[in-house]
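Q: Based on what follows, work out the 3D shape:
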Amino acid sequence: MDINFNKNEDHNKLLVSELKQKLAKVKLGGGQKRIEKLHAQGKMTARERIDYLLDPKTESIEIGAFAGDEMYAEHGGCPSGGVVVKIGYIKGKQCIIVANDATVKAGAWFPITGKKNLRAQEIAIENKLPIIYLVDSAGVYLPLQDEIFPDKEHFGRIFRNNAIMSSMGITQIAAVMGSCVAGGAYLPIMSDEALIVDKTGSIFLAGSYLVKAAIGESIDNETLGGATTHCEISGVTDYKAKDDKDALDKIKKIVDKIGDFDKAGYNRIKPQKPALDPNEIYGILPKSRAEQYDMLEIIKRLVDNSEFEEYKENYGQTIITGYARIDGWAVGIVANQRKVVKTTAAKTKPSEMQFGGVIYSDSADKATRFIANCNQKKIPLVFLQDVTGFMVGSKSEHGGIIKDGAKMVNAVSNSVVPKFTVVVGNSYGAGNYAMCGKAYDPRLIFAWPSAELAVMGGAQAAKVLLQIEASSLKAKGEEITPEKEAELFDKIKAKYDKQVSPYYAAARIWTDGIVDPLDTRKWISIGIEAANHAPIEKQFNLGVIQV
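A: Next comes the predicted model:
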């Protein structure tokens, strides 16, 4: 191993260590004191409930762990968006679980909470996965109600999705394990089956104080909407549980009796580990996002037995395409090649060099054809992003780069097989779109700690923004000295660098999470297994494209 490998390894392991530290902090929710308060009430935390519900010694993945990260500081923060979402196994059946975290503002819904809940429902709908709601929430966070209440993708969309999922035959089970008030009361009751925990669970459209103010009736919350009321008088809930564990045990028994599902039929054989050591990814991936490296070496450490059948190996080399297996599942991989390559393509001069991480006309054409092939063969697609964008300049424009790029975007948009996107490094501009960014409906999209998502790189963007800022100040009569210019540049770049961070993206659920590169195989495997619940219902059709 050379010195660069060791430097890269140290840098990337440091990023992973930082990731694990941040995750440990996030998992504390509202903090240790609030966890202890919950325990004193005889209740489990959201994460404890999920851990108890999931089958022991089975794999699971958490969606949106960093939702709300460094957002809402003026409101005391909202760790993990105040709700925990995991895909895992209950009695051997893959499910998605959504649990309100009562240690974060009593489980109140911030705008990001709504977005995260909708993402969980979207995953359930796309993959026809059973969804379990563990409800413990004080309802909408009123100081921010205008950002979560009335719009299409706000709070009301959740109940609409409840109804849609029910009509699709997707199992929904809700357990009321704490407060469930106002509009939020509809979520468990629009589920197929609802449980409520005695003495700690309550459901009502308006609590006792509001009832007193509105109609003058004096009544306590337990009598108004407790477990006995709803199991014996109103009939709103189907099961009464004596405590949290009893409620979770009842959910396990319900899930255990769900029938088998129609499978999409994605190809899987016995999994094999990569023949090359996945730990070497840390040393291969450069510390600098501008540095070149061979993406093929990363691929070989992600796929079964390190076997990769490359498609059109010597054509359009700035995108790598080919077939492999990940945890036994057959996949088609579309990846940005990050090393400089020589090309003899018709639209370039013989032996001309092409920059790694840039999409050229020939590589876009190759990717389009490969995506069509995978759709024809019913093979899930995996996109490995480290892209700076499409090639610019007169030669590319005259060669039809826009047309070729549009073909690739068209193929990604119309693909009917499940898509999974891993943001390895750069994810800039239209390259993000062509490589199946969030707007193109990947079943899962997640980033490595090395990722950057933005319109363009920090240095380039800062230079553009500096020119704008400097022109504005000069117009006001200010003198821009070299020292002042350098100060402005550093300030602008620092702000921009924060926005391109993978944590900034994950906080806003532009990605489903940030993962250790060594967990990539697990995420993709669980994702394909989820997708296998939903048979493809339409044919692949590119529509109208210019050839």
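
Q: quick one: low-confidence parts of this structure?
A: Along the chain, segments meeting pLDDT under 70 span 1, 183, 344-351, 457-462, 545-547.

Q: can you tell me which helix in it is longest?
A: For the chain, the helix that runs over the most residues, judged by DSSP state H, is helix 3-26.

Q: shouldn't residue 137 be in contact with residue 182?
A: No. Checked against Cβ atoms under 8 Å, the pair residue 137 and residue 182 is beyond contact range at 9.8 Å. Heads up, the C-betas are built off the backbone N, CA and C, glycines and all.

Q: between these two, which one's more packed in?
A: A count of neighbours by other Cβ atoms under 10 Å puts residue 137 above the other of residue 137 and residue 182, at 29 against 17.

Q: which ones are touching that one?
A: 100, 102, 106, 107, 108, 109, 178, 179, 180, 181, 184 (Cβ atoms under 8 Å, 6 or more residues apart in numbering).

Q: got TSV for these, with neighbour count and secondary structure too?
A: Conversion of the contacts of residue 137 to TSV gives the following (neighbours: other Cβ atoms under 10 Å; DSSP: H, G, I helix; E, B strand; the rest coil):
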residue	neighbour count	secondary structure
100	28	strand
102	28	coil
106	18	helix
107	27	helix
108	23	coil
109	30	strand
178	23	strand
179	26	strand
180	28	strand
181	19	strand
184	24	helix
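
Q: Out of those residues, which is nearest to residue 91?
A: Nearest to residue 91 among those: residue 100, at 22.9 Å, using Cβ to Cβ.

Q: So what sits opposite the closest one in the bridge?
A: Legend: beta-bridge partners of residue 100 under DSSP bridges are residue 83.

Q: Which of the three states applies to the nearest residue to residue 127 once chain neighbours are set aside?
A: Spatial nearest neighbour of residue 127, chain neighbours left out: residue 530 (4.1 Å); criterion: Cβ to Cβ, 6 or more residues apart in numbering. The local conformation at residue 530, judged by DSSP: H, G, I helix; E, B strand; the rest coil, is helix.

Q: So residue 530 versus residue 512, what's the distance?
A: Summarising the geometry, the distance separating residue 530 from residue 512, computed by Cβ to Cβ, to the nearest Å, is 12 Å.

Q: With neighbour numbers in mind, choose between these two.
A: The residue with the greater number of neighbours, taking residue 530 and residue 512 and applying other Cβ under 10 Å, is residue 512; the counts read 29 against 23.

Q: May I have the residues that are in contact with that one?
A: Here residue 512 is in contact with 63, 64, 119, 444, 445, 446 (criterion: Cβ under 8 Å, 6+ apart).

Q: you'd agree the fifth one is in a helix?
A: When you say that, I think you mean residue 445. No. With three-state DSSP as the criterion, residue 445 is located in strand rather than a helix.

Q: Identify the residue spatially nearest to residue 510, adjacent ones excluded.
A: Here the residue nearest residue 510, using Cβ to Cβ, 6+ apart, is residue 438, at 5.4 Å.

Q: pretty sure the one you found is touching residue 511, no?
A: Yes. Under the criterion of Cβ under 8 Å, residue 438 makes contact with residue 511 at 7.0 Å.

Q: So which of the two has more stuff around it?
A: Between residue 438 and residue 511, counted using other Cβ under 10 Å, the more crowded position is residue 511 (28 against 19).

Q: tell me the phi and psi of the more buried one?
A: According to degrees, to the nearest 10, the main-chain angles of residue 511 amount to phi -130, psi 160.

Q: likewise the one 4 residues further on?
A: With angles defined as degrees, to the nearest 10, residue 515 sits at phi -130, psi 150.

Q: go on, residue 255?
A: Residue 255 adopts backbone torsions of phi -60, psi -40, taken as degrees, to the nearest 10.

Q: Please work out how many residues are found near it.
A: In terms of burial, residue 255 registers 19 neighbours under the definition other Cβ under 10 Å.

Q: Next, the contact list for it, please.
A: 90, 91, 93, 95, 130, 132, 171, 173.

Q: I appreciate the help and will end here.
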